[in-house]
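K.L.:
Output the structure for:
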Amino acid sequence: MSEPVEVPIHHDLAPVKWLIGRWTGVGVGGYPTVPEFRFGQEVSFATDGRPFLQYASRAFLLDENGEKVRPLGVETGFLRPQPNNEIELLLAHPTGYAEVWYGKVEVTGIENAVITGARIEMHTDIIARTRTAKEYTSGHRLYGLVEGDLLWAFDMAAVEHPLQSHLSARLKRW
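P.N.:
Numbering: from 1, shown residues only. Model (predicted):
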């Protein structure tokens, strides 16, 4: 059996290299139209050597004991670093949405040439939806590397409600 081949990391990925890997954890959600809930989440950021990261996320509703009840959200896409620490994110959802996000990466800590703290803040530029998808008009996402964990939050404006907190989670490397 052959050894796995190490894929080189493109130099454009330097500001987001800290995301590469698999992450898992627990989060909370809610919205005026949705009761509060807990969810489990698995996220991966991967590279094939080109100047973007492949992104995939899936979430599961959790019961009071932390057991999976049923699938929730799924999203897949591409994170594309740009000059001047700018970032683009393209996402697709099976619920009928495709999104384009723009934002910035900020490295907040480096030790021994390794990023130990960072944040990405993004806003939606375009949200396309199918006729059967619910109204969703804008979003704000924040990702952070804090104490070795990936923290993230998603604020959403949808179904005639203004931009407000919807989801957040703390994920650990898996």
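
K.L.:
The nearest residue to residue 138 once chain neighbours are set aside: neighbour count?
P.N.:
Computed as C-beta to C-beta, 6 or more residues apart in numbering, the closest residue to residue 138 that is not its neighbour in sequence is residue 157, at 4.4 Å. Any C-beta I mention is one placed from the backbone N, CA and C, and that applies to glycine too. Residues near residue 157, counting by other C-beta atoms under 10 Å, number 18.

K.L.:
ok, now which ones touch residue 157?
P.N.:
Neighbouring residues of residue 157 by C-beta atoms under 8 Å, 6 or more residues apart in numbering: 136-139, 163-164.

K.L.:
what about residue 40, distance to residue 113?
P.N.:
According to C-beta to C-beta, to the nearest Å, residue 40 stands 33 Å off from residue 113.

K.L.:
meant to ask about residue 34
P.N.:
In terms of C-beta to C-beta, residue 34 sits 43 Å off from residue 113.

K.L.:
what packs against the strand or helix carrying residue 36?
P.N.:
Using DSSP states H and E, the element containing residue 36 is strand 34-46. Where contact means 3 or more C-beta pairs under 8 Å, 6 or more residues apart in numbering; DSSP states H and E, strand 34-46 is packed against strand 21-31, strand 53-62, strand 68-82, strand 161-173.

K.L.:
If we use 6 Å, what do you get?
P.N.:
Here strand 34-46 touches strand 21-31, strand 53-62, going by 3 or more C-beta pairs under 6 Å, 6 or more residues apart in numbering; DSSP states H and E.
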